[in-house]
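Novice: just to be clear, the model below is a prediction. Sequence and coordinates:
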Amino acid sequence: MSNEYILQMKNVVKQYPGVLALDKVDLDLRKAEVFALIGENGAGKSTLMNILSGAINRDSGDILIDGNEIPLFTKPSEQMEAGIAIIYQELNYLEEMTIAENLFMGCVPVKGFLKQVDYKKMKRDSQELLASFDLSYHPFTLVKTLTIAEKQIIEIIRAVSKDIKVLIMDEPTSSLNDVETRQLFGFIESLKKKGVSVIYISHKLDEVFTIADRVQVMRDGKKVDVLDVKSTSHSELVKLMVGRTITDMYPKEGIKIGEEVLRVENMSCHITKDVSFSVKKGEILGLFGLVGSGRVEAVEGLLGINSIHAGKIFIEGEEIKIANPIEAKKKGIAYIPSDRKEEGLVLMHSVKDNLTVTRVDEIGKGFKIDSKKEKEYCETWINKLRIKTPSPFVSIESLSGGNQQKVVIAKWLLTNPKVLIMNDPTRGIDVGAKVEIYKVMEELCKEGISIIVVSSELPETVGITDRMVIFSDGQVVGEFDRSEYDQNKILHLAVGGESNDKKHSCEN
């Protein structure tokens, strides 16, 4: 057996009723490398990693660590004993406890006959563990005071402190800004130096080229190819993922932009101060800024989620008052949140129920449901957004994250809004599905709908918008027309660069 690989998965098969989730899949991981695993939603990535982490069992196939075969796991602790740990997209930490308590969760040091917690040893061991990664946090700092990136790093340290050999990271930057992402990448590099191998699952191909050594592409439950990152390209990976060439990631068309539909004047709410912006009929407006810049808070003020202390809102020239999201919906404003699980879906209900909930007043007739209309809505949007689901009647929880997000988008498109606000609309969605959603956005603009995209992902915002408003420190610090876009200047403003003229900041 070759010593080249720390981990080998051979001919792994997993079948569910009517679905072959994994079809004789192989994966070979070298020691101290970052190995990216990519593919569209439903490609089999999560199933393969859930088998490796012990969350589910394989039907057949072999797993070897250091050349030694690993049997089927019968309890979660066995995968850790085998040297495998996984960090899920939804982090697993206790906010009201300290860093030390989180680091030693499940194995708290004790002393004496009564087995009391040995806080001195916990502090000392925590300091040594943090110092080994050049971190100087106080061990008794409450985790709730940390940033998302810092919480993620604490969870990684907890995993690697168990002397693991393989760390699986599932969409680790989905909630991080650019600075936090760079911090995480530096931490991953330190893991490599310590001999840890990382399997990195991501939809963000730019990250793959930044952090990974090799990349494996999966499609329809099969391994398609494995490539050295330095010898491949963005377009080649996209083609392998979706089985076709996507020549234009951002299918922007020259759509005629009409009169102003929505205008916000001098609005102050929560952390935002004196914010003004507008969007026209058929236009896609981007609200760009880093996490905490005020772009999300401004939208929440517009929707009535945050109370407005000052300022005015106009729809088609008429001043309106919005006290809550229900009133916003009645005024023709729809909102797609970035956190689908917490804000966008009822997880225990079906795809059908989630998709049609915004039109329940139309399809509900007394104690009866207009099943024909309900079916029509479901079929239309499942097909239009290519939502992968065995049936509209299955639980929304059974869908992949990307397909769940598509249901949220379809749900709000059913309200026929005048203004559609989309907060990180393609978060957790694969490349092929992103392009489809961009095309849907273009079709909506042709129909006269105005779209506001709230994002901290600059390439996407530049690619799909007609105009962009830049937020920093709760204020609008710049505005760019599409013909003026310059990513360096936009980022300069977003991170706190000075501008003397909001409208023409791109010329400064």
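Specialist: Yep, that arrived.
Novice: from the rest of the structure, what touches stretch 215-235?
Specialist: 20-28, 35-40, 42-45, 47-48, 205, 208-209, 212-214, 236-237, 240-243, 245-246 (Cβ atoms under 8 Å, 6 or more residues apart in numbering). C-betas here are computed from N, CA, C, even on glycine.
Novice: for PyMOL, what selects the buried ones among these?
Specialist: Here is the PyMOL command that picks out the buried ones among the contacts of stretch 215-235, judged by 16 or more other Cβ atoms under 10 Å:
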select buried, resi 21+22+25+27+28+35+36+37+38+39+40+42+43+44+45+47+48+205+208+209+212+213+214+237+240+241+242+246
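Novice: in strands only, show me the contacts of stretch 215-235.
Specialist: Those of the contacts of stretch 215-235 mapping onto strands are 20-28, 35-38, 214, per DSSP state E.
Novice: between these, which is closest to V264?
Specialist: For the ones in strands among the contacts of stretch 215-235, the minimum distance to V264 (Cβ to Cβ) is 38.7 Å, reached by I38.
Novice: got the contact list for that closest one?
Specialist: Residues counted as contacts of I38 (Cβ under 8 Å, 6+ apart) are K45, I201, S202, H203, L205, V208, V215, Q216, V217, M218, L237, M241.
Novice: now intersect the residues you listed with the helices, please.
Specialist: Members of the contacts of I38 lying in helices (criterion: DSSP state H): K45, L205, V208, L237, M241.
Novice: circling back to that earlier point, need the contacts of I38 in a markdown table with distance to V261 and pLDDT, can you?
Specialist: Listed next are the contacts of I38 as a markdown table, based on distance: Cβ to Cβ, whole Å; pLDDT from 0 to 100:
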| residue | distance to V261 | pLDDT |
| --- | --- | --- |
| K45 | 40 | 89 |
| I201 | 39 | 91 |
| S202 | 36 | 86 |
| H203 | 31 | 80 |
| L205 | 34 | 86 |
| V208 | 38 | 93 |
| V215 | 43 | 97 |
| Q216 | 45 | 96 |
| V217 | 42 | 94 |
| M218 | 42 | 92 |
| L237 | 38 | 88 |
| M241 | 36 | 83 |
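Novice: against R124, how distant is the nearest residue to K194 once chain neighbours are set aside?
Specialist: In space, K194 comes closest to V160 once its chain neighbours are excluded; the distance is 7.5 Å by Cβ to Cβ, 6 or more residues apart in numbering. According to Cβ to Cβ, to the nearest Å, V160 and R124 sit 19 Å apart.
Novice: between these two, which has more neighbouring residues?
Specialist: For V160 versus R124, neighbours defined as other Cβ atoms under 10 Å are more numerous around V160 (20 against 14).
Novice: check contacts around the more buried one.
Specialist: With contact taken as Cβ under 8 Å, 6+ apart, V160 is in contact with A85, L167, L191, K194, V196.
Novice: and which of the ones in helices among the contacts of I38 is nearest to V477?
Specialist: L205 (29.3 Å).
Novice: just checking, L287 touches T465?
Specialist: No - the pair L287 and T465 does not pass the contact test of Cβ atoms under 8 Å, sitting 9.3 Å apart.
Novice: overlap in contacts of the two?
Specialist: Common contact partners of L287 and T465 (Cβ under 8 Å, 6+ apart): V453.
Novice: show me the contacts for K384.
Specialist: Counting by Cβ under 8 Å, 6+ apart, K384 has contacts A410, V440.
Novice: so how far is N416 from it?
Specialist: Computed as Cβ to Cβ, the K384 to N416 distance reads 14 Å.
Novice: ok, now Y335?
Specialist: Y335 is 14 Å from N416, by Cβ to Cβ.
Novice: those two: which is more packed in?
Specialist: Y335 (23 against 14).
Novice: what's near enough to touch that one?
Specialist: Shown in contact with Y335 (Cβ under 8 Å, 6+ apart): V299, L303, P325, A328, W412, I421, N423.
Novice: next one, pLDDT for the residue of the chain most remote from its centre please.
Specialist: The C-alpha centroid of the chain is most remote from F113, which lies 47.5 Å away (Cα atoms, centre = their mean). At F113, the model reports a pLDDT of 81.
Novice: that one: helix or strand, and which one exactly?
Specialist: Assessed by DSSP states H and E, F113 sits outside every helix and strand.
Novice: quick check, nearest of the contacts of Y335 to K375?
Specialist: Among the contacts of Y335, and counting by Cβ to Cβ, the member closest to K375 is W412, at 19.5 Å.
Novice: who touches that closest one in this structure?
Specialist: A334, Y335, I336, T358, L420.
Novice: could you dump those to a markdown table with distance to S293?
Specialist: Output for these, formatted as a markdown table (distance: Cβ to Cβ, whole Å):
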| residue | distance to S293 |
| --- | --- |
| A334 | 23 |
| Y335 | 18 |
| I336 | 19 |
| T358 | 29 |
| L420 | 21 |
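Novice: so which of those wins on neighbours?
Specialist: Comparing the contacts of W412 on neighbour count, L420 comes out first with 26 neighbours (neighbours: other Cβ under 10 Å).
Novice: who's that residue bridged to?
Specialist: Beta-bridge partners for L420, by DSSP bridges, are A334, I451.
Novice: help me confirm that it comes into contact with G448.
Specialist: No - look at L420 against G448 with Cβ under 8 Å: they stay out of range, at 11.4 Å.
Novice: I'd assumed A85 was in a strand, is it?
Specialist: Yes - looking at A85 with DSSP: H, G, I helix; E, B strand; the rest coil, it is inside a strand.
Novice: please renumber so the chain begins at 12
Specialist: Sure thing, new numbering starts at 12, so read that last one as A96.
Novice: would you map the strands across the stretch 362-511 of the chain?
Specialist: Along the stretch 362-511 of the chain, counting by DSSP state E, counting those that start in this stretch, strands occupy 375-376, 379-380, 430-434, 461-466, 478-483, 486-492.
Novice: related to what we said a few turns ago, and the contacts of Y346, which is the shakiest by pLDDT?
Specialist: pLDDT is lowest at W423 among the contacts of Y346; the value there is 85.
Novice: per-residue confidence at the residue nearest to K205?
Specialist: According to the predicted model, the pLDDT of V171 comes to 75.
Novice: do the one 3 residues further on as well
Specialist: The predicted local confidence for D174 comes out at a pLDDT of 75.
Novice: check for me that it belongs to a strand.
Specialist: No - if the criterion is three-state DSSP, then D174 is coil and not within a strand.
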